[in-house]
Each structure stands twice: as C-alpha cells, then as structure tokens.
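Peer 1: could you look at this predicted model? Sequence included:
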Amino acid sequence: MPLTPVDGEPDPDGDDCVACGRCCHHGPQTVHLLEADEARMGERLLPIYTELQDRPPHFRFVKNAGERCGGLDVSVPGRYPCAIYEVRPEDCRIVEPGSPACLEARRLGHLGKSVEFKRER
Ligand code: SF4
Ligand code: SF4
C-alpha cells in the first residue's frame, strides 16, 4: 500500500529519514548499481540484495519488494531504516534530505519519476 505524503521540510541532517522512508518506496529496477557500488557492497551482500536484469545489458539493481526497495528493513512498523545503509549505492546517496527527489518523494509518498538520480550543481 502506498505511503501517505509527509508535510514539512525534512531535517537537513537526515534525522527524519528513518521515520519517513518515502524515497525508498518505488518500483522495480529503480536503484541501479555501478561498478563502484558493487565493489562497496561486496560478494556477500550482492546476491542477497541485488539482481541482474534478465536481458542485455544485464544491469544490476537493488531488488524490489513490491512498491518498496528490498533493502528497506520494515520489521518495526512505521520505521524505515535501510538494511544496507553503509554500503547503499550512489543512486541512494544522491537523494539527500531536502533535495528535489526527497521533497517530491515526501509530497507523493513514494519516489517520483519527474526527478532523475542526478546531483545538483
Ligand atoms: S524522502 Fe527525504 S526525508 Fe524521507 S527518507 Fe528520503 S531523504 Fe529522508
Ligand atoms: S538501498 Fe537503502 S537507501 Fe537505497 S532505496 Fe533501498 S532502502 Fe533506500
């Protein structure tokens, strides 16, 4: 079930993130891994949390758990910590608190499509 929108500006230091988790709610093949992301995640975690596309070019993505990222720990209701936070891919790091993608996710209740994963200059 989609999450409700969140009002207000997020804490710039990310203190609201675990209670929010909106940007970690999205469809399959959203969080893409580059080579550096794969190296950071390591051989043990890669098969648990990621999968390759069936077809060429066989990009690797974080698995999806139906409307949310497979890396999200939903064991405690209303809390959304990332189970692989320290080694999360660059795509996730770009969505900083207060960034356009963050604000859109909070407004929609999930990661939107109008903001791509890209850093502001
Ligand atoms: S949408 Fe923003 S406040 Fe919410 S978890 Fe993502 S970065 Fe944090
Ligand atoms: S890997 Fe972690 S930070 Fe990235 S979308 Fe998934 S749960 Fe969120």
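Peer 2: Sure, I can see it. Residues are numbered from 1 along each chain as shown. Ligands and ions are numbered 1, 2, ... in the order given.
Peer 1: buried stuff in the helix or strand encompassing Ala101?
Peer 2: Using DSSP states H and E, Ala101 falls within helix 100-108. For helix 100-108, a neighbour-count test (16 or more other CB atoms under 10 Å) marks 101-106, 108 as buried. Every residue, glycine included, has its C-beta placed from N, CA and C.
Peer 1: and the gap between Leu103 and Phe61?
Peer 2: According to CB to CB, to the nearest Å, Leu103 and Phe61 sit 24 Å apart.
Peer 1: try His110
Peer 2: Taking CB to CB, one finds His110 at 17 Å from Phe61.
Peer 1: what does this structure have sitting close to ligand 1?
Peer 2: Neighbours of ligand 1 within the chain, by CB under 6 Å from any ligand atom: 10, 14, 16-17, 20-23, 95, 97, 102, 105-106.
Peer 1: how far off centre is the helix holding Ala101?
Peer 2: 12 Å (CA atoms, centre = their mean, to the nearest Å).
Peer 1: wait, doesn't Leu111 sit right on Pro100?
Peer 2: No - using CB atoms under 8 Å, Leu111 is not in contact with Pro100, being 11.4 Å away.
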